[in-house]
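> below is the structure, and that's it, no one-letter string:
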């Protein structure tokens, strides 16, 4: 079975159960914390080591998370390990985040600028986008000196490029024709 299909199926199952139980927000919070742990070398070693038995991995996960995360989140991670799908955890968490954002109507926006920008300007961008889309905006800023000036605004899968480097590239292309 295709890797992406596996992670998507697990994600949809978890999301469906979380919505049904009314704890999608809590599961999102749990998965955000778990994502930090999943990315560590120690966790990757634990999960990918064939010498460590599945039962031992489940015991470690139980000790780490019992009482700290929702029971559904814990049971889900145990299920993933039991089915030997632990290598998909990172993708499952990323997919859950996408489903959660879509369900809540949250739009992701990233402002890419050549230098650090004033908080006031960031807040203006955020407010304009929130008012325009009439939705909650998950906003981030990234400094990329290579764009020289202006900005690039990414909103979900769309991109508006008002950077100097892009304008120069367009001029070069036009002049070379």
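That came in fine, so what should we check first? Everything numeric here is computed off the predicted structure, so don't read it as measured data.
> break the protein down into its domains, please.
3-102, 106-176 (automatic domain parsing).
> gap between the shortest one and the chain center?
In this view, domain 106-176 has its centroid 19 Å away from the chain centroid, taken as Cα atoms, centre = their mean, to the nearest Å.
> swap in the longest one?
Here domain 3-102 is found 14 Å from its chain centre; the criterion is Cα atoms, centre = their mean.
> and that domain, what's its mean pLDDT?
Mean pLDDT, computed over domain 3-102, is 93.
> ok, back up a step: let's have the domains of the chain in CSV, adding mean neighbour count.
Every residue, glycine included, has its C-beta placed from N, CA and C. Below are those laid out as CSV (neighbours: other Cβ atoms under 10 Å):
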stretch, mean neighbour count
domain 3-102, 16
domain 106-176, 13
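> quick check: longest helix in this structure by residues?
Ranked by number of residues, the top helix in the chain under DSSP state H is helix 3-21.
> that one packs against which elements?
Packing partners of helix 3-21 (3 or more Cβ pairs under 8 Å, 6 or more residues apart in numbering; DSSP states H and E): helix 24-38, helix 71-82, helix 89-104.
> which of those helices sits closest to residue 55?
Of all those, helix 71-82 sits nearest to residue 55, with 9.1 Å by Cβ to Cβ.
> can you list contacts of that closest one?
10, 14, 17-18, 21, 23, 26-27, 30-31, 34, 47, 54, 57-58, 61-62, 65-66, 86, 88-89, 92 (Cβ atoms under 8 Å, 6 or more residues apart in numbering).
> then stretch 126-142?
So stretch 126-142 is in contact with 101, 104-113, 117, 122, 125, 155, going by Cβ under 8 Å, 6+ apart.
> okay, which residue is most central for this protein?
Nearest to the mean C-alpha position of the chain, by Cα atoms, centre = their mean, lies residue 94 at 4.6 Å.
> how close does it get to residue 4?
Between residue 94 and residue 4 the distance is 11 Å, computed by Cβ to Cβ, to the nearest Å.
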